[in-house]
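Trainee: kindly generate the corresponding structure for this input.
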Amino acid sequence: MEDQEFPKKCGHTPFKRVISLEDMVDKIRVAVDAREDKQNCLIIARTDARASEGMDKALKRAEAYRKAGADVIFFEAPQTEEEMRRACETIDAPMMANMADGGVTPILPAQVLKDIGYAFAIYPSMTSLVGAAAMEAALVKLKTTGVSADPATPMFDFKEFCGLIGFEEVWAFERKWGGQA
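Mentor: From the prediction side, this is the model:
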């Protein structure tokens with residue numbers, strides 16, 4: 001659950017706005033009350049207030065979210081390692097780190113994150129950034145050579161790719177239910 005106003009923006013981009021502290025606390029309380037299976041349903045409360053309200057107010061929000069019943073706190077976009085340490089020291093809850101490559105938060109090794117006090121980390125932009133770079137390199141190679149296959153460019157075998165994306169299951173379903181031989 002997050003405290004951003006609509007329309008939602010990436011936590012590492014400008015012009016984010018947050019709802020009132022009271023409204024977010026109410027959202028968390030409702031979710032806690034509605035939750036039927038506490039062991040299999042975590043409530044992760046995210047605050048994006050660091051950018052618009054500053055570190056101190058964002059920390060107060062995170063503490064209020066924990067008191068309202070959030071299981072994990074996602075303190076979005078701290079700008080320095082010191083801010084990351086301060087958040088983990090201040091907030092008495094499991095903390096989630098967002099390692100958004102190219103964002104405002106320093107990218108730290110997993111062991112350092114653990115030492116600082118983070119329970120876990122996500123890497124939401126890594127695969128998109130790596131994928132986009134690989135696609136650009138392949139397209140440049142195609143443009144310059146006129147050929148798509150190149151031993152220097154990693155590429156899945158088409159059959160392997162079909163398996164990875166689940167085509168084999170789709171084809172089995174179509175054979176069984178679609179009258180295909």
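Trainee: which stretches of the protein form helices?
Mentor: Counting by DSSP state H, the segments of the chain that form helices are 21-34, 49-53, 55-67, 81-90, 110-116, 126-145, 158-164, 167-177.
Trainee: and the contacts of the fourth one?
Mentor: Put plainly, it is helix 81-90. Where contact means C-beta atoms under 8 Å, 6 or more residues apart in numbering, the residues beyond helix 81-90 that reach it are 50, 55, 59, 62-63, 75, 78, 95, 97, 105-106, 108, 116-118. (C-beta placed from N, C-alpha, C; glycine too.)
Trainee: hang on, the earlier thing: relative to Met1, which of the helices of the chain is closest?
Mentor: For the helices of the chain, proximity to Met1 was assessed by C-beta to C-beta; helix 21-34 is nearest, at 5.7 Å.
Trainee: if we can go back for a sec, for the contacts of helix 81-90, pick the one with the most neighbours.
Mentor: Of the contacts of helix 81-90, Phe75 is surrounded by the most neighbours, 31 neighbours in total, counting by other C-beta atoms under 10 Å.
Trainee: distance check, the spatially most central residue of the chain against Leu59.
Mentor: For the chain, the residue whose C-alpha lies nearest the mean C-alpha position (C-alpha atoms, centre = their mean) is Pro124; its distance is 4.3 Å. Taking C-beta to C-beta, to the nearest Å as the measure, Pro124 falls 23 Å from Leu59.
Trainee: next, the contact list for the residue nearest to the centre of the chain, please.
Mentor: For Pro124, the contacting residues are Asn98, Ala100, by C-beta under 8 Å, 6+ apart.
Trainee: go again using 10 Å as the cut-off
Mentor: Counting by C-beta atoms under 10 Å, 6 or more residues apart in numbering, Pro124 makes contact with Cys10, Gly11, His12, Asn98, Met99, Ala100, Asp101, Gly103.
Trainee: narrow those to those that are buried.
Mentor: Using 16 or more other C-beta atoms under 10 Å as the burial test, these include Gly11, His12, Asn98, Met99, Ala100, Gly103 as buried.
Trainee: ok so, going back, between the contacts of helix 81-90, which is closest to Ala132?
Mentor: For the contacts of helix 81-90, the nearest to Ala132 is Thr105 (20.3 Å; C-beta to C-beta).
Trainee: pLDDT value on that closest one, please?
Mentor: In the prediction, the pLDDT value recorded for Thr105 is 97.
Trainee: residues of stretch 75-92 that come out buried?
Mentor: Within stretch 75-92, the residues that qualify as buried by neighbour count (16+ other C-beta under 10 Å) are Phe75, Glu76, Ala77, Pro78, Glu83, Met84, Arg86, Ala87, Cys88, Thr90, Ile91.
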